[in-house]
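> Take a look and give me a structure for this.
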Amino acid sequence: MSQVFVKSEFAPLKRVVLARSEFAFPSDDDFGEDEFLTEETRELYMGKDVQGKNYKEVFPERQEKWENERENLKKVLEKYGVDVLHPRLLTDYEKEMGKEDGYSNFFVRDPFFTVGPFLIEGSLRFRHRRNEIQPVRKLLASESNEHDCLYVSIPTPDLSAGPDSEDGPFLEGGDVLVLGKTIFVGRSGLASNVNGVHWLKNLVRNYGYEVVEVPLHETILHLDCAISLVREGLMIVCEDALLQGIPKQLEDWDKIYVSLDDASRLATNGLPINEEVYITDPAFKFIGAQLEERGIRVEYVDFEISRSFGGSFRCSTQPLLRNS
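Presented below is the predicted three-dimensional model:
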């Protein structure tokens, strides 16, 4: 059988899941859970009649641009021979059931992730995202049936203390970076938590993997908003986002630094196709220029709308096969 396997963040990308572009606002006017929205986006929404409505209904032009962004990313991926798969769209029933908290099917990085041969369903903290695994589950079942892998799922969140319980376990793919047998897991208090990190440690240590917890600044949603591993020995990093500094495993790497403000705009959330090619947004040409100086070919894709939701290229994709 062929494999589901991710060796590292920059091993040649061969098969990937690319996100859909579906989002609806919660039915009340409380945007308290929307820390993922940029300040500019929140200002765009405030004062408008958006409660309980699909994004496409309120902002049809932005929706079209959003979908085009993902299609343009797909073209770049396919240009380099990457096999691109998609989650299914949400059903009418799922949309109706999600009206109170809002619903989303927009960043496939988080509801599942791949570490070595492990295909792992995660557990999301935001209530409107907790069912986001559903549109991709049939695809995961197909992958596990057709390819060699270990398909597992983290326990569902413990709600015994109420829907806002912090017990979790919470573990989101945006917090998980793979470097061979080392797995870095971010924890800011907004996404993955200690119980999620412990669950992953207990799973993979039996297979020779080390899990390194990386405490994050309270405004950073995921680890991939602070670190991008471009190739062996080269990284993009927001040092101010790392409460205990750069992990010792990465201390000697060549570094391209970004500010906390740039990190909040998703400057580190680019996507390596392999060690020679990197995808980023034209908003970050200052990063692209530094990559090109180091011999990296840079592909630019405008991802303005995607970034307005708090995610970019890495958030929009989840590899199924990254291997030499």
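> Could you use CA atoms for every contact and neighbour count after this?
Fine.
> what helix or strand is E213 on?
Per DSSP states H and E: E213 is located in strand 210-215.
> Following that strand in sequence, what is the next regular element?
Counting by DSSP H and E, what follows strand 210-215 is strand 227-231.
> Quick check: mean pLDDT of that following strand?
For strand 227-231, mean pLDDT is 98.
> and it, how far out from the chain's middle?
On the basis of Cα atoms, centre = their mean, to the nearest Å, strand 227-231 sits 14 Å off its chain's mean C-alpha point.
> which residues are in contact with that strand?
9-10, 235-238, 268-270, 272, 274-276, 278 (Cα atoms under 8 Å, 6 or more residues apart in numbering).
> ok, now with 6 Å
Around strand 227-231, the neighbours that count as contacts under Cα atoms under 6 Å, 6 or more residues apart in numbering are F10, M235, I236, V237, T268, P272, E275.
> Sort out which one of those residues lies nearest L44 for me.
L44 lies nearest to T268 out of the contacts of strand 227-231, by Cα to Cα, at 24.3 Å.
> would you say the closest one is within a helix?
No. Counting by DSSP: H, G, I helix; E, B strand; the rest coil, T268 falls outside a helix, being coil.
> got the contact list for it?
T268 makes contact with C225, I227, S228 under the criterion Cα under 6 Å, 6+ apart.
> Neighbour-wise, which one of the contacts of strand 227-231 leads?
Neighbour counts for the contacts of strand 227-231 were taken using other Cα atoms under 10 Å; the highest belongs to T268, with 30 neighbours.
> Show the model's pLDDT score for that one.
pLDDT for T268: 98.
> For A19, see how far away it is.
As judged by Cα to Cα, to the nearest Å, T268 and A19 stand 19 Å apart.
> what about the stretch 51-200 of the chain, any weak spots by pLDDT?
The model of the stretch 51-200 of the chain has no residue with pLDDT under 70.
> So which residues of it form strands?
83-85, 103-105, 112-115, 118-121, 150-153, 176-179, 182-187 (DSSP state E, counting those that start in this stretch).
> Mean neighbour count, those strands: which tops it?
strand 112-115 (a mean of 26; mean count of other Cα atoms under 10 Å).
> got the contact list for that one?
Contacts of strand 112-115 (Cα under 6 Å, 6+ apart): V6, I120, E121, G122, G173.
> Can you give me the neighbour number for the first one?
Spelled out, that is V6. V6, neighbours per other Cα under 10 Å, totals 27.
> wait, isn't it in contact with L321?
Yes. Under the criterion of Cα atoms under 6 Å, V6 makes contact with L321 at 5.5 Å.
> out of the strands of the stretch 51-200 of the chain, which comes closest to E293?
Counting by Cα to Cα, E293 lies closest to strand 176-179 out of these; the figure is 23.6 Å.
> Could you list the residues in contact with the closest one?
Here strand 176-179 makes contact (Cα under 6 Å, 6+ apart) with S8, E9, I183, F184, V185.
> before we move on, back to that, would you reformat the strands of the stretch 51-200 of the chain as a markdown table and include distance to G168?
Listed next are the strands of the stretch 51-200 of the chain as a markdown table, based on distance: least, Cα to Cα, whole Å:
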| stretch | distance to G168 |
| --- | --- |
| strand 83-85 | 29 |
| strand 103-105 | 20 |
| strand 112-115 | 16 |
| strand 118-121 | 14 |
| strand 150-153 | 13 |
| strand 176-179 | 17 |
| strand 182-187 | 13 |
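> Of these, which is nearest I220?
strand 182-187 (9.0 Å).
> wouldn't L18 be in contact with T317 here?
Yes. Applying Cα under 6 Å, one finds L18 in contact with T317, separated by 4.7 Å.
> hang on, the earlier thing: elements contacting the strand holding E213?
strand 182-187 (3 or more Cα pairs under 6 Å, 6 or more residues apart in numbering; DSSP states H and E).
> ok, and what's touching the strand it packs on?
Contacting residues not belonging to strand 182-187 are listed as 175-177, 193, 209-216, 223 [Cα under 6 Å, 6+ apart].
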